[in-house]
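Colleague: Here's my sequence, what's the structure:
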Amino acid sequence: MANEYIAQILKEYRKRNNLTVKDVSLLLQDRSFNAAPKTIYGWESGQSTPNAEILLTLCELYHITDVLSVFGYSDDDTFFHISTSERALIESYRKHPDMQKSVNKLLDLNVKRKASRSGA
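Modeller: Okay, the predicted model is just below:
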């Protein structure tokens, strides 16, 4: 997998999850992968890249749910990264439609709802 951002993203998400390299090494070992801290440093510095199975396991450990988007693969020109807390806010917003108007007003959002068209 040739992606210049893999190293940077792996390091960023490890830190976001408050994990040390040693923690990650132990968590991988618990999942039957042998990855010494030196190996993980190599992945995070771009000297090497984990295989696909380990990369997906790291995504699981780092709570990365949209793997392709996080690593920069998207067909959408307006793509941008959102943090875990931003994702939680969006999910909560969607679960509470009764509060959306108030949240929009609080955040000074001019959100126009599309009127549903019946019989068109």
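Colleague: check contacts around Trp43.
Modeller: By C-beta atoms under 8 Å, 6 or more residues apart in numbering, Trp43 lies in contact with Ile6, Ala7, Leu10, Thr49, Pro50. All C-beta spots, glycine's among them, are computed from the backbone N, C-alpha and C.
Colleague: Please spell out the PyMOL selection for the buried subset of those residues.
Modeller: Buried residues among the contacts of Trp43 (16 or more other C-beta atoms under 10 Å), as a PyMOL selection:
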select buried, resi 6+7+10+49+50
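Colleague: Could you find which two of the contacts of Trp43 are furthest from each other?
Modeller: The distance between the two most remote of the contacts of Trp43 (C-beta to C-beta) is 10.2 Å, for Ala7 and Pro50.
Colleague: can you pull the buried residues of the worst-scoring helix or strand of the chain on mean pLDDT?
Modeller: In the chain, the helix or strand scored least confidently by mean pLDDT, DSSP states H and E is helix 67-70, which has a mean of 78. For helix 67-70, a neighbour-count test (16+ other C-beta under 10 Å) marks Val70 as buried.
Colleague: so what does whichever helix or strand comes after it touch, helix or strand wise?
Modeller: Following helix 67-70 in sequence order, the next helix or strand is helix 84-95 (DSSP states H and E). In terms of contacts (3 or more C-beta pairs under 8 Å, 6 or more residues apart in numbering; DSSP states H and E), helix 84-95 is packed against helix 97-106.
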